[in-house]
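Colleague: Below is the sequence, then the predicted model.
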Amino acid sequence: MSLNVGIARDDRFAEHKTGYSHPESPARLAAVYRMLDKTFPDTLLQAAPEPAAMEHIERVHTPAYIKKLLKSAEQKRTSLAPDTPISARSFMAAWLAAGACITGVNALKSHKCNAFFALVRPPGHHALPERAGGFCILNNLAVAARFARTNYGVGRILIVDWDVHHGNGLNDVFYEESGVFYFSTHDIMLYPYSGNISETGSGDGEGFTLNIPIERSFMENEIGHVYRETLTPLIRNYQPEMIFVAAGFDAHKDDPLGRSVWSAATYYHLTRLLCELAVNAEQNPLPLLFALEGGYDPGSLALCVEQVLLALTLENGENDSPPATGNAATEQLLASVFSTHQPYGLLL
């Protein structure tokens, strides 16, 4: 299935200066934008993002933290966390990144497209309501999810996080809510060292968080097996109205921070799997919102983003069926996942 795809891009994201040698640099998006101009010069709907309104930011982040961010504009260089340096215009880039995801929600809900990729920085899935961390300032997808639920009345959103790092911010924001299901595969031995299988949500959100720590040695066919076996029953039973993807690409074998062995093709196949599964009862495609998270080798990042966009826009591509072959390690992992979530009924 080929989808009508929109993107958000903006040169103002480069105004977030992190300093020489920091992995989350403007060079990341520069490489992605060069790829877009070469491979997709006129095939994608380009939407101009605007900074998120304060009311939308306040649905996720605390007043004290927002005030701290705004005050950072008074300093040429400072840090919000030991790993998150910022410059005077970083707060604007962060507001724009969250706004780009809201732009994506609006484009999807107005049926201008059925898939949208917010190509932004800084990333967002580590940002907590009261603090920054992991290179993230505002939680872009959390802001967009609250916007979709409040402004459009979306009842159920599934967030799929395939960044190699656990999205502790997304995990925590929605941990007690059933209206947003958070699904993450990650290397638990990397920052932020969270995301155990036993973390399944609490209160009204009990059973609506699914954390899957994966092995660094998992290849394309093995990760495809894990995704197919879990997302197939989850999407069927949860019946999301929208699917968001925290699209980090730091599990790529060339990434300087991740320790995994994925190829760019892995992201093609995961995207095709989502396209296959993300349909409603009438077999119409569900709205898909992708937001850029990690991926710190500019060259491989551009290749991975290209593969996602190809998977979304090609009517028929080679090897459309995601390779999915399990082994002893994946079967042991899946057994633990299904055992943990058996009481909640969404993986049956």
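Modeller: Looks like it arrived, so ask away. Remember, it's a predicted structure, so these values are computed and weren't measured experimentally.
Colleague: How far does stretch 116-123 sit from its chain's centre?
Modeller: 9 Å (Cα atoms, centre = their mean, to the nearest Å).
Colleague: Let me know the average pLDDT across it.
Modeller: Across stretch 116-123, the average pLDDT comes to 98.
Colleague: Quote the end-to-end distance of it.
Modeller: End-to-end distance for stretch 116-123: 16 Å, by Cα to Cα, to the nearest Å.
Colleague: hmm, who's touching whatever helix or strand Ile243 lives in?
Modeller: Using DSSP states H and E, the element containing Ile243 is strand 242-247. Strand 242-247 is contacted by residues 105, 108, 117, 124-125, 141, 144-145, 148, 154, 157-163, 167, 170, 184, 235, 267, 274, 278, 286-293, 305, 308 when judged by Cβ atoms under 8 Å, 6 or more residues apart in numbering. Yep, even glycine has a C-beta here, placed from its N, CA and C like the rest.
Colleague: ok, now which ones touch the residue nearest to Ala247 when sequence neighbours are not counted?
Modeller: Counting by Cβ to Cβ, 6 or more residues apart in numbering, Phe290 is the residue found nearest to Ala247 once chain neighbours are left out, at 4.6 Å. Going by Cβ under 8 Å, 6+ apart, Phe290 touches Ala115, Phe116, Phe117, Ala118, Phe244, Val245, Ala247, Val308.
Colleague: which SSE is Phe290 in?
Modeller: Counting by DSSP H and E, Phe290 is part of strand 288-292.
Colleague: What strands flank that strand, and is each parallel or antiparallel?
Modeller: strand 115-118 (parallel), strand 242-247 (parallel) (DSSP bridges).
Colleague: Okay, helices next: where are they in the stretch 1-150 of the chain?
Modeller: 26-39, 54-57, 63-71, 90-109, 140-152 (DSSP state H, counting those that start in this stretch).
Colleague: Any idea which of these gets closest to Arg259?
Modeller: helix 26-39 (19.1 Å; Cβ to Cβ).
Colleague: Restricting to C-alpha, output stretch 171-191 in CSV.
Modeller: C-alpha atoms of stretch 171-191 as CSV (Å, rounded to 0.1, in the frame of the first residue of the first chain):
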residue,chain,number,x,y,z
ASN,A,171,6.9,6.0,29.3
ASP,A,172,6.4,8.2,32.3
VAL,A,173,4.0,10.8,30.9
PHE,A,174,1.5,8.2,29.9
TYR,A,175,2.2,5.5,32.5
GLU,A,176,-1.1,6.0,34.2
GLU,A,177,-3.3,6.6,31.1
SER,A,178,-5.1,4.1,28.9
GLY,A,179,-5.8,6.5,26.1
VAL,A,180,-2.1,6.4,25.0
PHE,A,181,-0.4,2.9,24.7
TYR,A,182,3.4,3.1,24.8
PHE,A,183,5.3,0.3,23.0
SER,A,184,9.1,0.4,23.1
THR,A,185,12.0,-1.9,22.0
HIS,A,186,15.3,-0.8,23.4
ASP,A,187,18.7,-1.8,24.8
ILE,A,188,18.2,-1.6,28.6
MET,A,189,22.0,-1.4,29.1
LEU,A,190,22.1,2.0,27.5
TYR,A,191,20.8,5.4,28.8
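Colleague: And that stretch, what's buried?
Modeller: For stretch 171-191, burial by neighbour count (16 or more other Cβ atoms under 10 Å) applies to 171-175, 177-188, 190-191.
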